[in-house]
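Q: fold the following for me, if possible:
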Amino acid sequence: MIAKLRGKLHEKKPNSIILDVNGIFFEISISLNCFTALPDLNSELIISTYTIVREDGISIYGFLNDDEKRLFLLLNSVSKVGPKLAISILSTCEIVKLKSAIKNRDINLIATAPGVGKKTAERIILELRDKIEEFEVAMDENAGGLDDDIISALVNLGYKKVDASSALKRLDERYKTFEERLREALKLLNKL
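A: As a prediction, this is how the structure comes out:
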């Protein structure tokens with residue numbers, strides 16, 4: 001299994017990237033949320049991955065951080081939800097909103113993802129409602145790793161590591177998710 005890849009961002013599209021890892025070019029499927037956080041082309045990038053090997057080929061899915069990867073794996077574990085549909089759901093909803101929708105049984109929000117109807121949304125809620133609490137505990141335990149991922153993302157965007165770390169230390173405690181902390185850190189860094 002390939003857990004992470006590090007290389008130069010050769011090409012990026014809203015649903016995939018091509019990463020140059022020492023002359024080997026990997027095509028990696030990503031969510032739209034991951035796409036919006038990508039650095040410029042030819043920048044160094046470390047991306048968490050999940051690999052699926054089937055008779056007809058190998059597919060690699062990439063994630064902003066380990067939390068997005070864990071949520072992808074949870075979605076992929078739901079019957080009749082494959083990896084492409086899981087990526088579609090992650091592209092439509094931020095992690096926090098998706099967790100909230102599952103916990104609060106918000107079928108309509110989950111059903112906004114392309115390819116997800118009301119029955120699939122109901123199945124996702126039914127199968128993941130209890131598991132989502134375990135996911136939140138894992139996210140809390142990994143809070144230090146979250147800031148490390150954000151610092152890595154900011155360095156990939158061209159900021160100095162010391163500036164990125166300083167910006168994260170100044171953030172308000174109410175910002176808990178990767179997306180929120182990254183967005184607010186970028187705001188602080190852009191004021192410099």
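Q: from now on I want contacts and neighbour counts done on CA atoms only, so please keep to that.
A: Fine.
Q: what ranges do the helices span in this structure?
A: With DSSP state H as the criterion, the chain has helices at 32-36, 66-77, 83-92, 95-103, 107-110, 118-141, 143-156, 161-169, 178-191.
Q: for Met1, which of these is the nearest?
A: Ranking the helices of the chain by proximity to Met1 (CA to CA) places helix 66-77 first, at 13.8 Å.
Q: show me which residues of the closest one are buried.
A: Neighbour-count burial for helix 66-77, counted by 16 or more other CA atoms under 10 Å, picks out Asp66, Asp67, Glu68, Lys69, Arg70, Leu71, Phe72, Leu74, Leu75, Asn76, Ser77.
Q: what's the mean pLDDT across it?
A: Mean pLDDT, helix 66-77: 92.
Q: tell me what angle that helix forms with helix 83-92.
A: Between helix 66-77 and helix 83-92, the angle comes out at 130 degrees (axes from the mean of the first three to the mean of the last three CA atoms, to 10 degrees).
Q: could I have helix 66-77 exported to PDB, CA atoms only?
A: Output of helix 66-77 as PDB, limited to C-alpha atoms (Å, rounded to 0.1, in the frame of the first residue of the first chain):
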ATOM      1  CA  ASP A  66      -5.200  12.000   7.100                       C
ATOM      2  CA  ASP A  67      -8.600  13.200   8.400                       C
ATOM      3  CA  GLU A  68      -9.900  13.500   4.800                       C
ATOM      4  CA  LYS A  69      -8.400  10.100   4.000                       C
ATOM      5  CA  ARG A  70     -10.200   8.500   7.100                       C
ATOM      6  CA  LEU A  71     -13.500  10.000   6.100                       C
ATOM      7  CA  PHE A  72     -13.000   8.700   2.500                       C
ATOM      8  CA  LEU A  73     -12.400   5.200   3.900                       C
ATOM      9  CA  LEU A  74     -15.500   5.400   6.100                       C
ATOM     10  CA  LEU A  75     -17.600   6.500   3.100                       C
ATOM     11  CA  ASN A  76     -16.000   3.800   0.900                       C
ATOM     12  CA  SER A  77     -17.000   1.200   3.600                       C
END
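Q: packing partners of it?
A: strand 44-54, helix 83-92, helix 118-141 (3 or more CA pairs under 8 Å, 6 or more residues apart in numbering; DSSP states H and E).
Q: please identify the most buried of the ones you listed.
A: Comparing the helices and strands packed on helix 66-77 by mean neighbour count (mean count of other CA atoms under 10 Å), helix 83-92 ranks first with a mean of 21.
Q: which of the helices and strands packed on helix 66-77 sits closest to Ser152?
A: The closest of the helices and strands packed on helix 66-77 to Ser152 is strand 44-54. By CA to CA, the value is 7.9 Å.
Q: so what strands line up beside the closest one?
A: Using DSSP bridges, strand 44-54 pairs in its sheet with strand 4-13 (antiparallel), strand 57-63 (antiparallel).
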